[in-house]
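J.: my questions concern the predicted model and sequence given below.
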Amino acid sequence: MCYNIIATAKGPICDTQIGQFSPKEGVGTLSKEKEEIKIIAQNRKAFHDYFIEETYEAGIELVGTEVKSVRQGKVNLKDSFARVENNEVILYNMHISPYEKGNIFNRDPLRPRKLLLHRHEINKLSGYVSRKGYTLIPTKVYLKRGLVKVELAVAKGKKLFDKREDIARRDAKRELEKQFKEKQLGI
């Protein structure tokens, strides 16, 4: 129970609530540190096949029961990509399984989906894609403040020798760590 009520610009609050929230954010809002992100799906193959230049956060236009399927984690990003068409970014080949408890009005799992970005971001992305060798790929799908978001990466494809170099570099790093650990343990 609250005995001391204080009037603020946002409305009346109890004095026991003072100090729990940042004054810039107002009463009842979470700070950015407490912002929870739940990763639904990741495209791990993208980091193996592409050099990631830059990433963007985009909303995604979902209809019907697609949101429920995404919340259940029934998303596959394998072979998905995005294109800039008519000043809109469209995501292709992202598979969202039909919702189990849905009805006959479930949508096509592989239908193209519009990504929600600011105009200046779309212009920047179309500039990247117009260069030779660059493409747009989704790296992960996640929930942020209850909204479904897609992390879109501007990527350039790796050649076979680039992949071999990465594997060799990773193996060398592993070997060094192993030797360092053995040296510390005195083996």
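T.: Noted; the coordinates are in hand. All values derive from a computational prediction rather than experimental measurement.
J.: packing partners of the helix ranked longest in the chain?
T.: When the chain is scanned for its longest helix (criterion: DSSP state H), the result is helix 160-185. Packed against helix 160-185, as judged by 3 or more CB pairs under 8 Å, 6 or more residues apart in numbering; DSSP states H and E, are the following elements: helix 44-49. Bear in mind the C-beta positions are built from the backbone N, C-alpha and C, glycine included.
J.: what mean pLDDT does the helix it packs on get?
T.: The predicted model assigns helix 44-49 a mean pLDDT of 83.
J.: got the angle between the helix or strand following it and helix 160-185?
T.: Using DSSP states H and E, the helix or strand that follows helix 44-49 in sequence is strand 50-60. Calculated by axes from the mean of the first three to the mean of the last three CA atoms, to 10 degrees, strand 50-60 forms an angle of 100 degrees with helix 160-185.
J.: ok, residue 115 touching residue 80?
T.: No. Assessed by CB atoms under 8 Å, residue 115 is found out of contact with residue 80, at 11.3 Å.
J.: poorly predicted segments of the protein, please.
T.: 1-34, 161-162, 187 (pLDDT under 70).
J.: identify the residue spatially nearest to residue 84, adjacent ones excluded.
T.: residue 126 (4.3 Å; CB to CB, 6 or more residues apart in numbering).
J.: how deep is the one you found tucked in, by neighbour count?
T.: The local packing of residue 126 (other CB atoms under 10 Å) involves 15 other residues.
J.: return the distance of it relative to residue 60.
T.: According to CB to CB, to the nearest Å, residue 126 stands 19 Å off from residue 60.
J.: where do the strands of this structure begin and end?
T.: Secondary structure of the chain (DSSP state E): strands at 5-8, 11-14, 37-42, 50-60, 75-76, 81-85, 88-92, 95-96, 113-116, 134-144, 147-157.
J.: next one: the longest helix of the chain to chain centre, how far?
T.: Helix 160-185 sits 29 Å away from the centroid of its parent chain (CA atoms, centre = their mean, to the nearest Å).
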